[in-house]
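Visitor: Have a look at this prediction, sequence included:
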Amino acid sequence: MPVELTILAWAMVLLLVHIFAAVHFKTKQYGPRWNMGARDEKLPPLHPLAGRLTRAQANFQETLPIAIVALIGVVLAGRTSDTTALGAWIWLGARLAYLPVYALGIPMIRTLIFLVSMIGLGMVLWPLLGL
């Protein structure tokens, strides 16, 4: 099996980590009734950690579709290589580092990690562009 698909599977695990981390801290703040309810009520702003985890999740979900297309695309197109595998690992490693750095509220480093993830993703996408 191409390593790009293995990385994609680990990305889905990371997505679950994002979801559960954010909802855990939201539930700590708003309570289990909120978690099990329709969530229609107006709520106070999230505490900083819960807010950062929610934003980190949103950021991951915004870029994940691009990664899915890139990772599956290079496999389907038969364009996998050491470079696409390396790019995929760079992307996943950076995305893994992004969550705790964002949760801790570390500015600038978070942005640099995001940029590294985009470089990795670019390494995977490049062969699909036919340039």
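Guide: Nice, I can see it. Residues are numbered from 1 along each chain as shown.

Visitor: Run a quick neighbour tally on E41.
Guide: Neighbourhood size, E41 [other CB atoms under 10 Å]: 9. Using the backbone N, CA and C atoms, a C-beta is placed for each residue, glycine as well.

Visitor: where does it sit relative to R33, distance-wise?
Guide: 10 Å (CB to CB, to the nearest Å).

Visitor: for L53, same thing?
Guide: From L53 to R33 the distance is 20 Å (CB to CB).

Visitor: out of these two, which sits in the more crowded spot?
Guide: Using other CB under 10 Å as the criterion, L53 and R33 rank with L53 on top: 23 against 9.

Visitor: Identify the residues contacting that one.
Guide: Contacts for L53 (CB atoms under 8 Å, 6 or more residues apart in numbering) come out as 18, 21-22, 25, 99, 102-103.

Visitor: can you tell me which of those residues lies nearest to N59?
Guide: Y102 (7.7 Å; CB to CB).

Visitor: Could you check what's spatially nearest to that closest one, not counting adjacent residues?
Guide: Leaving aside its chain neighbours, Y102 sits nearest to A56 (4.2 Å; criterion: CB to CB, 6 or more residues apart in numbering).

Visitor: Tell me, how many residues neighbour that neighbour?
Guide: Neighbours of A56 using other CB under 10 Å come to 21.

Visitor: now swap in the one 3 residues further on and tell me
Guide: Applying the criterion other CB under 10 Å, we find 18 residues in the vicinity of N59.

Visitor: how far away is it from A77?
Guide: In this view, N59 and A77 are 27 Å apart by CB to CB.

Visitor: what does stretch 123-131 contact?
Guide: Residues contacting stretch 123-131 (CB under 8 Å, 6+ apart): 4, 66-67, 70-71, 73-74, 77, 79, 81, 83-84, 86-88, 90-91.

Visitor: So for it, what gets flagged as buried?
Guide: Within stretch 123-131, the residues that count as buried by 16 or more other CB atoms under 10 Å are 123-127.
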